[in-house]
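**Q** This is the structure alone, sequence omitted:
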């Protein structure tokens, strides 16, 4: 049986939990911290369907947060769909790493939310296992979307999920 969205989110949350335990002292992300919650975030259609099915009342009768920040933030900067937030939102703030090909060689890049840069170890010296390596989860996410959409995937703006936006 193919993986479903809940299984996918559980596996993401398990990995995120491991990294949060490892980097607890450095992470300043808390309820109401919304500097990563930017406007214009898009998700695959099946993630949008998940939000639609679990937050129909909010999407029909609620209003999106004013433009400039994520549509799902409330007036205090907290997420109104936190339990059902999309993949991209589940991984914000963590030390990220990705590999890219540059002039025939593999180059590693790293990034972290500026609010989480301070820590005992510089980002560059953290072991690869202590970063969220981009690629695996994104590949699984794309695979789930391709199964659902027969290869015709499309992305939906979070703001566009609201009936009155």
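**A** Cool, the structure landed. On a predicted model such as this, the values are computed, not experimentally measured, just so you know.

**Q** When you work out contacts or count neighbours from here on, use the C-alpha atoms and nothing else.
**A** Noted.

**Q** contacts for stretch 128-145?
**A** With contact meaning Cα atoms under 8 Å, 6 or more residues apart in numbering, stretch 128-145 is reached by 3-5, 8, 12, 15-16, 19, 22, 44-46, 94-98, 151, 153.

**Q** got it, and stretch 65-83?
**A** 31-34, 37-41, 51, 55, 64, 158-159.

**Q** Pull out the buried residues from those.
**A** Neighbour counting by 16 or more other Cα atoms under 10 Å classes 34, 37, 39, 40, 41, 51, 64, 158, 159 among the contacts of stretch 65-83 as buried.

**Q** Out of these, give me the two with the largest separation.
**A** Greatest spacing in these, by Cα to Cα: 34 and 51 (19.2 Å).

**Q** Mind listing what's buried along the worst-scoring helix or strand of the chain on mean pLDDT?
**A** None of the helices or strands of the chain scores lower by mean pLDDT, DSSP states H and E than helix 136-149, at a mean of 83. Neighbour-count burial for helix 136-149, with 16+ other Cα under 10 Å as criterion, is recorded at 137, 141, 143, 144, 145, 146.

**Q** just how off-centre is it within its chain?
**A** Here helix 136-149 is found 14 Å from its chain centre; the criterion is Cα atoms, centre = their mean, to the nearest Å.

**Q** which residues of the chain score low on pLDDT?
**A** By pLDDT under 70, the weakly predicted segments of the chain are 1-2, 147-152, 164-165.

**Q** Next up, phi/psi of the spatially most central residue of it, please.
**A** Most central in the chain under Cα atoms, centre = their mean is residue 88, positioned 1.4 Å from the mean C-alpha point. Per-residue torsions, residue 88: phi -60, psi -30 (degrees, to the nearest 10).

**Q** next one: residue 108
**A** Per degrees, to the nearest 10, the backbone of residue 108 is at phi -100, psi 140.

**Q** count of neighbours near it?
**A** Residues lying near residue 108 (other Cα atoms under 10 Å) number 13.

**Q** what does residue 135 give?
**A** 12.

**Q** ok, now how distant is it from residue 42?
**A** 17 Å (Cα to Cα, to the nearest Å).

**Q** Kindly report the same for residue 64.
**A** Using Cα to Cα, residue 64 is found at 15 Å from residue 42.

**Q** what's the answer for residue 62, then?
**A** Residue 62 sits at a distance of 19 Å from residue 42 (criterion: Cα to Cα).
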